[in-house]
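A.B. asks: Predicted model follows, preceded by the sequence.
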Amino acid sequence: DAKTTQPTSMDCAEGRAANLPCNHSTISGNEYVYWYRQIHSQGPQYIIHGLKNNETNEMASLIITEDRKSSTLILPHATLRDTAVYYCIVVINTGTASKLTFGTGTRLQVTL
Amino acid sequence: EPEVTQTPSHQVTQMGQEVILRCVPISNHLYFYWYRQILGQKVEFLVSFYNNEISEKSEIFDDQFSVERPDGSNFTLKIRSTKLEDSAMYFCASSWTGMNEKLFFGSGTQLSVL
């Protein structure tokens, strides 16, 4: 699976948009970009995923550059409960069970 | 939203003892997984399971580990002879399909080996 690079930590004021970048310059054509988060020591929580097109759901938006070498997760109105470690993971489509390779992620701290 | 349930939430055991960690995946899911996270470290893949057999396993998942789906609802991880380094949070996950599907994770079992 392609390797990803994320900043170690970021801060965001409550109510503002949180923009979390991820570089995946070696991504191949059949690899998807997934975002998960882990609040404290809870189980990881799925946020969003995409292949080429930008995606939006009730939690976040995912912007993938045209060359697919980087992406940005956007939390439009961050709250204190969004404080977590955010993982950008590239997953190859093998047709079998999805194996996620977690990195160290970005620790997002949302402040008042 | 449906949940993956794991029991117990905490398990303390002596080195060399066998432990079984239990998980109830989401009812209509077909793919099951175990991950673990040693304190302060990354979340690591252990094993995936589909159609009553292991699909993939990591180097961590050696002969001391086994998985089983003993009935239609439970999914278990057994560690035969625990070691100090097995101390970690163990997460069970499930998905409807294995392809490009989101994984639903449980809240984990904290295993402490003394």
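C.D. replies: That came through, no problem.

A.B. asks: Which positions are bridged to A:Thr5 in the beta structure?
C.D. replies: Counting by DSSP bridges, A:Thr5 forms beta bridges with A:Asn23.

A.B. asks: Looking at chain A, which residue is nearest chain B?
C.D. replies: The minimum distance from chain A to chain B, using Cβ to the nearest Cβ, falls at A:Gly43 (3.2 Å). In short, each C-beta sits where N, CA and C put it, glycine included.

A.B. asks: which SSE is the most centrally placed residue in chain A in?
C.D. replies: The C-alpha lying nearest the average C-alpha coordinate of chain A belongs to A:Trp35 (Cα atoms, centre = their mean; 3.2 Å). A:Trp35 is part of strand A:31-38, with elements assigned from DSSP states H and E.

A.B. asks: who does that strand touch, helix- and strand-wise?
C.D. replies: Where contact means 3 or more Cβ pairs under 8 Å, 6 or more residues apart in numbering or on different chains; DSSP states H and E, strand A:31-38 is packed against strand A:18-23, strand A:45-50, strand A:61-64, strand A:84-92.

A.B. asks: try 6 Å
C.D. replies: Applying 3 or more Cβ pairs under 6 Å, 6 or more residues apart in numbering or on different chains; DSSP states H and E, one finds that strand A:31-38 contacts strand A:45-50, strand A:84-92.

A.B. asks: List the contacts of it.
C.D. replies: Strand A:31-38 is contacted by residues A:2, A:44-51, A:71, A:73, A:84-92, B:100 when judged by Cβ atoms under 6 Å, 6 or more residues apart in numbering or on different chains.
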